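K.L.:
Sharing a sequence plus its predicted fold:
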Amino acid sequence: MTRKKKTRSLKRIHQVKTGNIQKLKRAANHDRQTGKRVDKNKKVKSVYQKFLDENPEAKKIADDDQRKAAELKAKEAEKRRIKEQEAQKAEEKRPDREREEDIFDRFERGGQDDYY
């Protein structure tokens, strides 16, 4: 018995003579891992999630903690926004100063008679 020589031809599988088999499989939209990522019934729950499923009172406490944290975060964001508005108002109240006078402006203005 002799073995059949391997060829680079993919004609017997995909009716294409040359190319990359992985590329052809991607083009065929055949993803073997889709079921693992998409199917929610097969999804493995974490230990913490299993604990929450078994203990409804613990789940209630966890939900309350999450709600409190969200409210606290919203309050902090509101405080930050108010501080930014106050800073912006204070900036607007300050008189606009033009750029500071540098040494070249002083020279152009004159008045260096007392130096010489």
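P.N.:
Right, received. Where do you want to start? Just so it is clear, the model here is predicted, and its values are computed rather than measured.
K.L.:
Okay, now the unreliable bits of this structure?
P.N.:
1, 6-40, 95-99, 112-116 (pLDDT under 70).
K.L.:
That one: helices as residue ranges?
P.N.:
Listed in chain order, the helices found in the chain under DSSP state H are 11-14, 21-27, 34-38, 47-54, 56-93, 103-109.
K.L.:
Same list (those) but as a markdown table, adding distance to Lys4 and mean neighbour count.
P.N.:
Using the backbone N, CA and C atoms, a C-beta is placed for each residue, glycine as well. What follows is the helices of the chain, written out as a markdown table (distance: least, Cβ to Cβ, whole Å; neighbours: other Cβ atoms under 10 Å):
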| stretch | distance to Lys4 | mean neighbour count |
| --- | --- | --- |
| helix 11-14 | 11 | 10 |
| helix 21-27 | 17 | 11 |
| helix 34-38 | 33 | 10 |
| helix 47-54 | 51 | 11 |
| helix 56-93 | 61 | 10 |
| helix 103-109 | 87 | 9 |
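K.L.:
between these, which gets nearest to Arg3?
P.N.:
helix 11-14 (15.9 Å; Cβ to Cβ).
K.L.:
how about the helices of the chain, which one is nearest Thr2?
P.N.:
Thr2 lies closest, by Cβ to Cβ, to one member of these: helix 11-14, at 18.3 Å.
K.L.:
would you turn the helices of the chain into CSV with distance to Lys5?
P.N.:
Output for these, formatted as CSV (distance: least, Cβ to Cβ, whole Å):
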stretch, distance to Lys5
helix 11-14, 13
helix 21-27, 18
helix 34-38, 35
helix 47-54, 53
helix 56-93, 63
helix 103-109, 84
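K.L.:
measure the residue lying closest to Ala58 once chain neighbours are set aside to Lys73 for me?
P.N.:
Setting aside the residues directly before and after it, Ala58 is nearest to Leu52 in space (Cβ to Cβ, 6 or more residues apart in numbering), at 5.9 Å. Using Cβ to Cβ, to the nearest Å, Leu52 is found at 22 Å from Lys73.
K.L.:
Then Lys50?
P.N.:
Separation of Lys50 from Lys73 (Cβ to Cβ) stands at 28 Å.
K.L.:
that older thread, check contacts around the residue nearest to Ala58.
P.N.:
Under the criterion of Cβ atoms under 8 Å, 6 or more residues apart in numbering, the neighbours of Leu52 are Ala58, Lys59, Ala62.
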